[in-house]
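Colleague: sequence unknown, structure follows:
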């Protein structure tokens, strides 16, 4: 491939600079902040960044500050439509409250997973491909 | 390079991108680059209730390395042309 191909991270992301964006990371976390800078590896710099935790139709934000995301951990970057944001049927709840709910859900899932693996292994299936192994 | 050119011919068509985390995003292909990073406009996800964070997002940039599949309508692909281009590229590679 020609090394002289100009850098065009998808028509460049320059039109998203200084906009409110959501970045999905490979571990499933969602960061929301003001998009300040980027480069050809899709390294992103987010200002006034928060981590958004979701549980069903509830959410809470955890303050982060300035965040530099290394490109390899980026899944997607989405511009937040400020009008659509106001119409979304999500309710903000307390951080503690949502963390408790998420922890309970994670525990429940892990318990179910252990049971499932036990049953499957008696049927000759191998335990592999847990959540998070997809990448 | 061929696939990059192919994706460029799909610009302004509606495609579905399935990511390695099983999230499928449908939208209009706005642009693509040499890493096959994709920009989609007017996006929708299959089950918004399962992906509440996508509700307020209308256009998105997807990193090429996390894409599993890209689905498009058969009408938007000229298979004969693509075959010819593949042969031509293979020939040029040999020289």
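Modeller: Thanks, I have it. All values reported here derive from a predicted model rather than from experimental measurement.

Colleague: which parts of chain B are strands?
Modeller: For chain B, the strands defined by DSSP state E occupy B:14-19, B:24-32, B:38-45, B:57-62, B:67-71.

Colleague: report the distance from the first one to the chain centre.
Modeller: Yep, that's strand B:14-19 we're talking about. In terms of C-alpha atoms, centre = their mean, to the nearest Å, the centre of strand B:14-19 is found 6 Å from the chain centre.

Colleague: that strand close to chain A?
Modeller: Yes. Contact of strand B:14-19 with chain A (C-beta under 8 Å from any C-beta of the partner chain) involves residue B:19. Backbone N, C-alpha and C define where each C-beta goes, glycine included.

Colleague: may I see the strands of chain B arranged in a markdown table, with mean neighbour count, distance to residue A:36 and mean pLDDT as well?
Modeller: Shown next, in a markdown table, are the strands of chain B (neighbours: other C-beta atoms under 10 Å in any protein chain shown; distance: least, C-beta to C-beta, whole Å; pLDDT from 0 to 100):
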| stretch | mean neighbour count | distance to residue A:36 | mean pLDDT |
| --- | --- | --- | --- |
| strand B:14-19 | 18 | 25 | 96 |
| strand B:24-32 | 19 | 21 | 95 |
| strand B:38-45 | 19 | 19 | 95 |
| strand B:57-62 | 23 | 15 | 94 |
| strand B:67-71 | 14 | 26 | 96 |
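
Colleague: is it true that residue A:13 touches residue A:37?
Modeller: No. Using C-beta atoms under 8 Å, residue A:13 is not in contact with residue A:37; the gap is 9.6 Å.

Colleague: more crowded one of those two?
Modeller: The residue with more neighbours, out of residue A:13 and residue A:37, is residue A:13; 22 against 12, by other C-beta atoms under 10 Å in any protein chain shown.

Colleague: circling back: quick one: closest of the strands of chain B to residue A:83.
Modeller: strand B:57-62 (9.1 Å; C-beta to C-beta).

Colleague: output the longest helix belonging to chain A.
Modeller: helix A:95-122 (DSSP state H).

Colleague: and residue B:49, what pLDDT?
Modeller: Note on residue B:49: pLDDT of 84.

Colleague: okay, now it: neighbour count?
Modeller: Applying other C-beta under 10 Å, we find 10 residues neighbouring residue B:49.

Colleague: got phi/psi on it?
Modeller: The phi and psi values for residue B:49, taken as degrees, to the nearest 10, are phi -60, psi -30.

Colleague: once you drop chain neighbours, what's closest to it?
Modeller: Nearest non-adjacent residue to residue B:49, counting by C-beta to C-beta, 6 or more residues apart in numbering or on different chains: residue A:57, 7.5 Å away.

Colleague: got a list of what the one you found touches?
Modeller: Contacts for residue A:57 (C-beta atoms under 8 Å, 6 or more residues apart in numbering or on different chains) come out as A:89, A:90, A:91, B:49, B:52.

Colleague: what is the nearest of the residues you listed to residue A:69?
Modeller: Nearest to residue A:69, judged by C-beta to C-beta, of the contacts of residue A:57 is residue B:52 at 21.1 Å.

Colleague: in the biggest helix by length in chain B, which residues are buried?
Modeller: The longest helix of chain B (DSSP H) is helix B:79-94. By neighbour count on 16 or more other C-beta atoms under 10 Å in any protein chain shown, the buried set for helix B:79-94 is empty.

Colleague: cool, thanks, signing off.
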